[in-house]
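Asker: only geometry, no sequence info:
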């Protein structure tokens with residue numbers, strides 16, 4: 001399911017948050033992080049409690065070196081989906097890249113618990 005297919009879904013239903021997220025993920029794979037953020041924002045606007053849009057937007061911010069914004073998004077996903085332990089590893093990477101080693105280690109341990 002490529003971008004064109006998902007755009008057709010959006011034309012049929014402008015509130016299809018999953019179509020926006022699939023487009024965002026396609027742009028992320030292409031290394032187009034600003035477009036990723038743009039489409040994650042649309043998914044979040046439609047559904048503010050959609051945890052995976054925050055995770056994917058956080059990934060894009062992390063790739064852009066915007067670690068504080070990435071951490072904010074990972075924090076939001078943790079609040080929305082605390083049972084999704086893997087998110088701690090993503091946040092741990094952002095902490096590590098910021099030089100916050102103790103916080104990174106703590107998150108990596110949480111991801112393994």
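Answerer: Cool, the structure landed. What you are looking at is a predicted structure, and each value in this text was computed from that prediction instead of being measured.
Asker: And the contacts of the helix or strand bottoming out on mean pLDDT in the chain?
Answerer: Taking all helices and strands of the chain together, the one with the lowest average confidence (mean pLDDT, DSSP states H and E) is helix 3-12, at a mean of 73. Under the criterion CB atoms under 8 Å, 6 or more residues apart in numbering, residues 16, 19, 20, 22, 23, 26 lie in contact with helix 3-12. C-beta here means a position set from N, CA and C on the backbone, and glycine is covered the same way.
Asker: next one: stretch 77-84
Answerer: 49, 50, 51, 52, 54, 55, 58, 87, 88, 91.
Asker: still on that earlier bit, okay if I get the contacts of helix 3-12 as TSV plus distance to residue 4 and pLDDT?
Answerer: Below are the contacts of helix 3-12 laid out as TSV (distance: CB to CB, whole Å; pLDDT from 0 to 100):
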residue	distance to residue 4	pLDDT
16	14	87
19	11	90
20	14	91
22	11	90
23	10	91
26	10	92
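Asker: Sort out which of those residues are buried, if you could.
Answerer: Among the contacts of helix 3-12, those buried by neighbour count (16 or more other CB atoms under 10 Å) are 16, 19, 20, 22, 23, 26.
Asker: Okay, and which of these map to helices?
Answerer: Per DSSP state H, helices hold the following members of the buried ones among the contacts of helix 3-12: 19, 20, 22, 23, 26.
Asker: For residue 75, state which of the residues you listed is nearest.
Answerer: Relative to residue 75, the closest of these is residue 20; by CB to CB it sits at 21.5 Å.
Asker: In space, what's closest to that closest one - neighbours in sequence excluded?
Answerer: Taking CB to CB, 6 or more residues apart in numbering, and ignoring the residues beside it in sequence, residue 20 has residue 43 as its nearest neighbour in space, at 4.1 Å.
Asker: Can you list phi and psi of residue 97 for me?
Answerer: Note on residue 97: backbone dihedrals following degrees, to the nearest 10 are phi -70, psi -20.
Asker: Give me the distance between it and residue 106.
Answerer: Applying CB to CB, to the nearest Å, the value for residue 97 to residue 106 is 15 Å.
Asker: how about JSON lines for the ones in helices among the buried ones among the contacts of helix 3-12, with distance to residue 74 added?
Answerer: Formatted as JSON lines, these follow (distance: CB to CB, whole Å):
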{"residue": "19", "distance to residue 74": "23"}
{"residue": "20", "distance to residue 74": "19"}
{"residue": "22", "distance to residue 74": "21"}
{"residue": "23", "distance to residue 74": "21"}
{"residue": "26", "distance to residue 74": "21"}
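Asker: Great, nothing more from me.
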